[in-house]
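Undergrad: generate coordinates for the sequence data below:
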Amino acid sequence: MSLVGISERTLPEKPLWTKTFLLLITANFASYVSFYMLNPTIPIYIESITGKQALSGLGMGVFFLSAVLFRPFAGRIVDTRQRKSVFLFGSSIFFISILALNWAPTLLVLLLARFVQGFGWAYCNTAAGTLASDIIPKHRFAEGIGFYGLSLSIAMGIGPALGLFLLQLLTTTLS
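TA: This next block holds a predicted model:
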C-alpha cells in the first residue's frame, strides 16, 4: 500500500523504452560522442595552427568557461519554455559550431567558435537531462536515469578514440 491508500499495482505502468526515450538517448549519445571526440583533438589542432603547444589548452578552457557561464540561463529557459525546443536549439548551435571549426584559420577564430560551442552545449546538455527526467516513468526513474547515464559513459569511452582515429585517418589521407 502506498501512503495515499492506493495499491501501486492498480496504477497503469508506462513503459520505459518508448520511441521518445530512445530518440533522446540516441541524440544525446551523438552529442556526447562529438563532445568527447573534440577533447583530444582540439589541442592538437590548436598546436598545428599556432605552432605553440602551450596554447593548446585554451580551446578547452574557453569552451568550459562559456558552458559554465550560460548554464544558469539555460536552466531558467528550460524551466520556462518547451524543453524539446531548447534541446534542439542547443544541439543545432553545438553542431554548427563544430562545423565552423573547419574554417578556423587562426586561434582567435577557433576560440570564438569554441565559445559559441560552449553556449550550445550549455543549452543542449541542460535540456537533455531535464527531458530525460520528464520522459522516464516515475516507477522506473532510477533504472531510466541509469540507462541514460550509461549512454553518456559509452560515449565517453568511444569519443576520444574515434576522434583520434579520424584525425589520424585524415592526416594520412592528406599526406
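Undergrad: check which helices and strands the helix or strand hosting Ser92 sits against.
TA: Using DSSP states H and E, Ser92 sits in helix 83-100. Applying 3 or more Cβ pairs under 8 Å, 6 or more residues apart in numbering; DSSP states H and E, one finds that helix 83-100 contacts helix 19-50, helix 58-80, helix 107-135. (C-beta placed from N, C-alpha, C; glycine too.)
Undergrad: hey, which of those is tucked in deepest?
TA: Mean neighbours per residue, mean count of other Cβ atoms under 10 Å, is largest over the helices and strands packed on helix 83-100 for helix 107-135, with a mean of 21.
Undergrad: avg pLDDT for it?
TA: The average pLDDT within helix 107-135 is 96.
Undergrad: what do you get for stretch 21-34?
TA: 96.
Undergrad: neighbouring contacts of that stretch?
TA: By Cβ atoms under 8 Å, 6 or more residues apart in numbering, the surrounding residues in contact with stretch 21-34 are 87, 91, 94-95, 98, 124-125, 128, 131-132, 135-136, 144, 147-148, 151-152, 154-156, 158-159, 162.
Undergrad: chain center to that stretch: distance?
TA: What separates the centre of stretch 21-34 from the centre of its chain is 8 Å, taken as Cα atoms, centre = their mean, to the nearest Å.
Undergrad: cheers, nothing more for now.
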